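Chemist: sequence and predicted structure below; questions after.
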Amino acid sequence: MKLYEEREDKPVIVKLAVLAIVALFALIGLLGLLLPVIPGVLFLGLAALLLSKVSHRFSDFLDQQPHWRKVRDQLHSSRFLTLAERTKLALLWAARGIVDGIARIASAVGRRTR
């Protein structure tokens, strides 16, 4: 767990700018949940990531979430990769997410047909 004293506070103008971007991403993300054309979860994730950079409490909250820790650890472990390697890795993560999603849908449909 991180201590507040160890963290460097951002200037107020930076926090306000980031919060405006977070609000925009959150709005786009919520619209994306309603409209299939916009990737809503992506924008909600970006909003959460940005908000965690300016809010100590939100950062601590996210650090307690197992799924978020897993994603954060994956991102931190890929810092040494080149841009091309990161792009390939991101595509592999996306493919894995699609396959996992299809498997969950198939499992849910299988349970309903029984």
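Modeler: Looks like it arrived, so ask away. Numbering: from 1, shown residues only.
Chemist: quick one: buried residues of stretch 62-76?
Modeler: For stretch 62-76, a neighbour-count test (16 or more other C-beta atoms under 10 Å) marks L62, W68 as buried. C-betas here are computed from N, CA, C, even on glycine.
Chemist: geometric centre of the protein: which residue is closest?
Modeler: Compute the mean C-alpha point of the chain, and by C-alpha atoms, centre = their mean the closest residue is G45, 3.0 Å away.
Chemist: would you map out the domains in this protein?
Modeler: The chain is divided into the following domains under automatic domain parsing: 1-77, 80-114.
Chemist: what sits against the residue nearest to the centre of the chain?
Modeler: Contacts for G45 (C-beta atoms under 8 Å, 6 or more residues apart in numbering) come out as G29.
Chemist: from here on, call the first residue 52.
Modeler: Got it, the first residue is 52 from now on, which makes the last one we talked about G96.
Chemist: from G161, how far out is it?
Modeler: G96 sits at a distance of 29 Å from G161 (criterion: C-beta to C-beta, to the nearest Å).
Chemist: what about I153, neighbour count?
Modeler: Other residues lying near I153 total 10 when counted by other C-beta atoms under 10 Å.
Chemist: what do you get for L93?
Modeler: There are 13 residues near L93, going by other C-beta under 10 Å.
Chemist: now the element after the helix or strand hosting it, going C-ward?
Modeler: In this assignment (DSSP states H and E), L93 forms part of helix 91-105. With elements assigned by DSSP H and E, the helix or strand that comes after helix 91-105 is helix 107-114.
Chemist: list the buried residues in that next one.
Modeler: So for helix 107-114, counting by 16+ other C-beta under 10 Å, buried means S110, L113.
Chemist: report the angle between the following helix or strand past that helix and helix 107-114.
Modeler: Using DSSP H and E, the helix or strand that follows helix 107-114 towards the C-terminus is helix 117-128. Using axes from the mean of the first three to the mean of the last three C-alpha atoms, to 10 degrees, the direction of helix 117-128 lies 100 degrees away from that of helix 107-114.
Chemist: model confidence over the very next helix or strand once past helix 117-128, on average?
Modeler: For helix 117-128, the following helix or strand on the C-terminal side (DSSP H and E) is helix 134-164. What helix 134-164 shows for mean pLDDT is 82.
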